[in-house]
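J.: Next comes the sequence, and after it the predicted model I'd like to discuss.
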Amino acid sequence: MLRRSLLTLALAAVTLSACGQGADKAAGPDAPLVVGATAVPHAEILEHIKPLLAAQGTNIEIKVFNDYVQPNTQLAERRLDANYFQTKPYLDEFNAARGSDLVTVAGVHVEPLGVYSRKHRDLASVPAGALIILPNDASNTGRSLLLLQSAGLITLRDPANPLQTVRDITGNPRRFTFREVEAATIPRILDQADLAVINTNYALDAGLKPRTDALSLEGGDSPYINYLVTRSDNRNDPRIAALADMLRSQAVKDYITGKYDGAVIPAA
């Protein structure tokens with residue numbers, strides 16, 4: 001009876017150990033690299049290069065997420081080897097809030113942020129007191145406010161600070177009201193607002209066409225580059241280097257330019 005109990009405990013310990021290893025359980029040069037991404041355009045780009053990487057000896061496994069939190073959380077928990085969905089300001093905010101040590105590897109593309117409406121054809125026709133929906137994470141809230149300022153709708157305390165909040169609005173002549181919502185949810189509630197600021201990946205996923213549907217759109221000189229990200233202890237993995245090189249290749253730049261018609265712009 002004692003031997004049976006000890007054997008049961010030993011097997012349980014082995015099982016728990018295996019379950020806790022996450023993406024590390026198959027570590028090694030021939031193991032697939034587990035990469036988290038939002039669906040559009042990140043996972044689409046990864047799917048495009050997957051066979052190209054495999055031909056070079058690097059296999060990737062793509063996990064698709066519909067939010068901005070879990071890809072970083074699972075990377076920090078070692079359930080992913082890398083992720084590809086975010087800007088550096090968002091990553092810096094996440095690291096500061098969670099005490100994580102995630103690092104950028106390569107800048108890949110820019111997704112110009114846009115202002116959308118189903119009620120108004122242009123910004124001039126938006127009435128006083130209109131409701132504007134913004135993404136609720138700090139980096140995208142500040143970025144949205146800068147876009148609204150550049151469109152002439154508001155004035156901010158610091159014209160260039162990317163981490164301002166609605167409390168930093170010093171000029172609001174049309175007395176707009178603001179509501180902050182999780183970024184992934186905004187396309188689904190666009191009808192409920194006069195204007196909404198939507199991240200391009202979620203706009204594309206919802207069937208919006210940024211170049212024609214947005215009433216105001218960031219320019220191609222936007223500093224908000226989307227990065228391939230990993231943990232600091234994983235940055236020298238040769239599979240990460242191979243993925244970074246491919247994402248920065250001319251072939252991927254040509255793919256992005258051809259597929260997204262200016263809604264996604266390759267990083268310089």
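T.: In hand now; what should we look at?
J.: so where's the stretch 101-250 of the chain uncertain?
T.: Flagging of the stretch 101-250 of the chain using pLDDT under 70 yields the residue ranges 220.
J.: What are the boundaries of the helices in it?
T.: Secondary structure of the stretch 101-250 of the chain (DSSP state H, counting those that start in this stretch): helices at 138-150, 200-205, 210-213, 238-247, 250-260.
J.: For the closest residue to A160 other than its chain neighbours, give me its contacts.
T.: Of all residues not flanking A160 in the chain, L146 sits nearest, at 7.7 Å (Cβ to Cβ, 6 or more residues apart in numbering). The C-beta positions use only the backbone N, C-alpha and C, and glycine is treated the same way. Under the criterion of Cβ atoms under 8 Å, 6 or more residues apart in numbering, the contact list for L146 reads L156, A160, P162, Q164.
J.: give the contact list for the first one.
T.: Read it as L156. L145, L146, Q149, Q164, D168, I169, T170.
J.: Which among the residues you listed count as buried?
T.: Neighbour counting by 16 or more other Cβ atoms under 10 Å classes L145, L146, Q149, Q164, I169 among the contacts of L156 as buried.
J.: residue ranges of the strands in the stretch 151-268 of the chain, please?
T.: 155-156, 169-171, 177-181, 195-198, 216-217, 225-231, 265-266 (DSSP state E, counting those that start in this stretch).
J.: Between those strands, which one is closest to T257.
T.: strand 265-266 (6.4 Å; Cβ to Cβ).
J.: what comes into contact with that closest one?
T.: Outside strand 265-266, the residues that reach it (Cβ under 8 Å, 6+ apart) are V108, H109, V110, E111, P112, G220, V252, K253, I256, T257.
J.: list the contacts for I132?
T.: L148, F176, T177, F178, R179, A193, D194, L195, A196, V197.
J.: Then Q192?
T.: L131, I133.
J.: Check the one 5 residues further on too.
T.: Residues touching V197, when contacts are defined by Cβ under 8 Å, 6+ apart, comprise 113-116, 132-135, 140, 144, 147-148, 186.
J.: rerun that using 7 Å as the cut-off
T.: By Cβ atoms under 7 Å, 6 or more residues apart in numbering, the residues touching V197 are L113, V115, L134, P135, S144, L147.
J.: now do N161
T.: Taking Cβ under 7 Å, 6+ apart, one finds G142 in contact with N161.
J.: Backbone torsions only: list them for R78.
T.: phi 70, psi 20 (degrees, to the nearest 10).
J.: now do the one 10 residues further on
T.: With angles defined as degrees, to the nearest 10, K88 sits at phi -70, psi -40.
J.: got a pLDDT number for it?
T.: Reported pLDDT at K88 in the predicted model: 94.
J.: if I look at it, how far off is L145?
T.: Going from K88 to L145 by Cβ to Cβ, to the nearest Å gives 18 Å.
J.: what do you get for D30?
T.: Counting by Cβ to Cβ - D30 and L145 are separated by 47 Å.
J.: what does L215 give?
T.: To L145, L215 is 16 Å away according to Cβ to Cβ.
J.: What of P32?
T.: Counting by Cβ to Cβ - P32 and L145 are separated by 40 Å.
J.: Excluding residues flanking it in the chain, which one is nearest A82?
T.: T230 (4.4 Å).
J.: what sits against the one you found?
T.: If you count contacts by Cβ under 7 Å, 6+ apart, T230 has them with D81, A82, V103, V105, I240.
J.: Which strand residues bridge the second one?
T.: Each beta-bridge partner of A82 is listed here, defined by DSSP bridges: V35, T230.
J.: does it really touch V229, like I thought?
T.: Yes. The pair A82 and V229 qualifies as a contact (Cβ atoms under 7 Å) at a distance of 6.4 Å.
J.: Now do the shared contacts for these two.
T.: With Cβ under 7 Å, 6+ apart as the test, A82 and V229 both reach L75.
J.: hang on, the earlier thing: could you find which two of the contacts of L156 are furthest from each other?
T.: L146 and T170 (13.6 Å).
J.: count of neighbours near G99?
T.: When neighbours are defined as other Cβ atoms under 10 Å, G99 has 8 of them.
J.: Same question for A43, what's its three-state structure.
T.: A43 falls in the helix class when you classify it by DSSP: H, G, I helix; E, B strand; the rest coil.
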